[in-house]
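Q: Everything below, folded, please.
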Amino acid sequence: MNTETLEKMKQMKFYGMHRSFKASLESGKDESYTADELIAQLVDAEWDERQNRSIELKVRNARFRYRASLEDLNYEVARNMDKNQIMRFADCSFIDKAEPVLITGSTGIGKSYLASALGHHACSRGYRVAYYNVAKLFTRLKMAKADGTYIKEMARIERQHLLILDDFGIQPFDAQSRAMLMELIEDRHGKAALIVTSQIPVNKWYEVIGEQTIADAVLDRIVHGAHRLDLRGDSMRRKRGTKETEQQNAPMTALST
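A: Residues are numbered from 1 along each chain as shown. The predicted structure is shown next:
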């Protein structure tokens with residue numbers, strides 16, 4: 001009877017229940033449970049299984065640049081990263097309020113990692129997130145214009161609770177990209193949250209966008225009232241590279257001494 005029950009659980013895709021019930025049978029603990037305790041355990045196991053699968057799917061769909069977490073962030077004073085501000089972001093109220101977050105700083109400082117960490121955390125809280133490198137996104141959207149899937153692509157982006165635009169301003173915007181940027185920002189303004197990372201200081205974004213009317217409209221929607229983080233200090237990539245080199249050289253140094 002238990003074998004049939006396990007098989008039915010598997011066929012109905014109750015994988016959490018299946019795993020929990022099978023473990024209970026193998027350990028003999030099922031006999032010590034009352035009926036309501038066993039049901040509660042099975043339901044909890046199935047709930048956890050589905051929640052974990054949902055989070056994993058959201059993370060895969062987001063296509064983050066880094067597998068990052070808020071717990072691993074470096075809060076050295078020189079980096080100008082306010083831990084209290086990051087912890088406020090962790091409650092995801094900026095997503096609920098459809099607020100923009102602008103992260104600026106020099107190359108390698110950790111902008112993309114921070115954005116990825118906030119995105120991963122949002123996924124764990126049940127939000128839909130999409131992560132894009134800006135230059136690659138507009139190349140993709142131009143191709144979508146050509147093959148007739150542009151409306152579908154834009155609709156997918158619009159459905160996300162949080163959109164992360166990484167490396168904003170690395171390449172100048174042409175007329176088509178400016179129009180697409182305006183459409184993206186307009187679709188999200190007051191409706192859904194946005195994170196933008198850039199090596200370019202915010203006061204230079206006007207020049208990067210390039211056309212006065214569109215630049216005014218875009219910046220008016222994403223700069224005013226945005227949360228701002230201006231990261232500073234040495235390149236984290238350079239630091240990691242130096243540390244790895246020192247670790248690799250350490251055995252040879254020990255041998256030579």
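Q: hey, let's count contacts and neighbours off CA atoms from now on
A: OK.
Q: name the element the spatially most central residue of the chain belongs to?
A: Nearest residue to the geometric centre of the chain (Cα atoms, centre = their mean): Gly119, 2.2 Å. In the assignment (DSSP states H and E), Gly119 maps to helix 111-124.
Q: My guess is the residue nearest to the centre of the chain contacts Val129. True?
A: Yes. Here Gly119 lies in contact with Val129, judged by Cα atoms under 8 Å, at a distance of 6.4 Å.
Q: Tell me the residues that contact both of the two, please.
A: Here Gly119 and Val129 have 162, 164 as joint contacts, going by Cα atoms under 8 Å, 6 or more residues apart in numbering.
Q: Could you pull out the strands in the stretch 51-200 of the chain for me?
A: Assigned by DSSP state E, counting those that start in this stretch, the strands in the stretch 51-200 of the chain fall at 100-104, 129-133, 162-166, 193-198.
Q: Reformat the ones you listed into CSV and put distance to Tyr150 and mean neighbour count next to each item.
A: As requested, the strands of the stretch 51-200 of the chain are exported to CSV (distance: least, Cα to Cα, whole Å; neighbours: other Cα atoms under 10 Å):
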stretch, distance to Tyr150, mean neighbour count
strand 100-104, 24, 24
strand 129-133, 16, 22
strand 162-166, 17, 25
strand 193-198, 20, 24
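Q: how about a markdown table for those strands, with mean pLDDT and distance to Ile86 added?
A: What follows is the strands of the stretch 51-200 of the chain, written out as a markdown table (pLDDT from 0 to 100; distance: least, Cα to Cα, whole Å):
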| stretch | mean pLDDT | distance to Ile86 |
| --- | --- | --- |
| strand 100-104 | 96 | 11 |
| strand 129-133 | 97 | 18 |
| strand 162-166 | 97 | 16 |
| strand 193-198 | 97 | 13 |
